[in-house]
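Asker: following is a predicted model, sequence given first.
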Amino acid sequence: MQIVHQIESLRQLIKANRAANPAVRIGFVPTMGFLHRGHASLLEAARKECDVVILSIFVNPLQFGPNEDLERYPRDEERDMAIARETGTDIVFFPQVSEMYPKPTRTMVSVSGVTERLCGASRPGHFDGVATVVTKLLNIVQPDKAYFGMKDAQQVAVIEQMVYDLNIPVTIVPCPIVREEDGLAMSSRNVYLSEEERRQALVLSAALEEAESLLEARKETISPEQLRQTVVRHIQSAPLADIDYVELLSYPDLAPVDFWGSDERIIIAVAVRFGATRLIDNRILHAPVASLSHS
Ligand code: AMP
């Protein structure tokens with residue numbers, strides 16, 4: 001496994017790989033480090049489908065708001081390298097902020113529409129930061145495939161839209177959410193949780209699972225808003241849960257769903273604070289075919 005810190009060294013390595021085998025398939029997994037099994041699943045998917053697997057670790061300041069956790073974002077370089085090795089990663093790109101942004105950037109990539117709701121509304125500027133850094137990374141690596149987790153389903157929608165609109169020559173591969181055994185979606189931020197917050201945070205996956213069963217059992221009679229309300233009530237049953245949003249939208253366009261359309265994918269997405277820690281989770285469901293009016 002090779003570890004590189006400079007863009008130029010990475011470009012040279014990639015060039016050498018492409019020169020040695022023009023048909024080489026390069027898989028890319030961008031992360032902010034503090035890796036867990038969710039990240040490992042993306043690396044494993046890339047390992048299966050590609051000849052060369054490149055992981056980037058970069059905590060991108062552009063995507064953090066002024067009162068967010070940029071300064072205290074968890075880091076563990078040694079463990080990250082161990083996970084990268086275990087998953088058969090070939091190259092780790094680990095740049096400093098000064099390498100990625102030697103001067104303040106004057107170009108930002110901004111995706112409209114799919115960024116209007118959910119984290120786009122709660123974290124102004126967040127997706128501009130994500131779209132900009134992902135564009136830079138895709139330009140630097142020029143992978144054949146790039147792997148993203150559905151844990152950040154809105155991010156997947158934003159990046160797919162951006163790749164489509166800007167004709168970026170890469171295939172985006174969305175990968176399923178990896179959860180702890182008890183259901184909590186894996187996240188680097190889970191380490192911030194106290195024992196009690198961690199226990200109560202289980203309400204997120206439980207509420208989403210309940211919504212899925214409810215939709216299955218009562219699809220003839222339950223409206224989208226009623227379904228959303230059951231998720232809200234379930235989450236409110238945890239005293240430490242402070243809801244940022246609970247939304248039911250179409251996926252991937254992320255538009256409001258007032259009544260069930262036909263054969264549409266919907267997302268129930270939640271963002272909830274437990275103390276100072278903001279967690280997100282979601283579930284993608286198939287909307288019932290039966291059409292219900294407003295209620
Ligand atoms: P991050 O380091 O949090 O920016 O995440 C890097 C990539 O890993 C993103 O594509 C995330 O969606 C993905 N990821 C993070 N957590 C999970 C998870 N629990 N399951 C699947 N993918 C994940």
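Answerer: Good, I have the coordinates.
Asker: any idea how far residue 118 is from residue 280?
Answerer: Residue 118 sits 8 Å away from residue 280, taking C-beta to C-beta, to the nearest Å as the criterion. (C-beta placed from N, C-alpha, C; glycine too.)
Asker: between those two, what contacts are shared?
Answerer: When contacts are counted by C-beta atoms under 8 Å, 6 or more residues apart in numbering, residue 118 and residue 280 are jointly contacted by 269, 271.
Asker: phi and psi next, for the residue in the stretch 101-250 of the chain that the ligand sits nearest to.
Answerer: Residue of the stretch 101-250 of the chain nearest the ligand, by C-beta to the nearest ligand atom: residue 149 (2.1 Å). Phi and psi for residue 149, reported as degrees, to the nearest 10, are phi -90, psi 140.
Asker: is it bridged to anything, and to what?
Answerer: With DSSP bridges as the criterion, residue 149 is bridged to residue 175.
Asker: next: residue 267.
Answerer: In beta-bridge terms (that is, DSSP bridges), residue 267 pairs with residue 249, residue 284.
Asker: for it, which residues are in contact?
Answerer: Residue 267 touches 153, 247-251, 254, 282-285, counting by C-beta under 8 Å, 6+ apart.
Asker: hey, where'd the strands end up in the stretch 101-250 of the chain?
Answerer: Assigned by DSSP state E, counting those that start in this stretch, the stretch 101-250 of the chain shows strands spanning 145-149, 171-175, 241-250.
Asker: and the residue of the stretch 101-250 of the chain closest to the ligand, how far from residue 211?
Answerer: Taking C-beta to C-beta, one finds residue 149 at 20 Å from residue 211.
Asker: before we move on, what about residue 150?
Answerer: 16 Å.
Asker: which one's more surrounded, those two?
Answerer: Taking other C-beta atoms under 10 Å, residue 150 and residue 211 do not tie; residue 211 has more neighbours (22 against 19).
Asker: show the pLDDT at that one.
Answerer: On the pLDDT scale, residue 211 is placed at 97.
Asker: that one contacts residue 231, doesn't it?
Answerer: Yes - judged on C-beta atoms under 8 Å, residue 211 makes contact with residue 231 at a distance of 5.1 Å.
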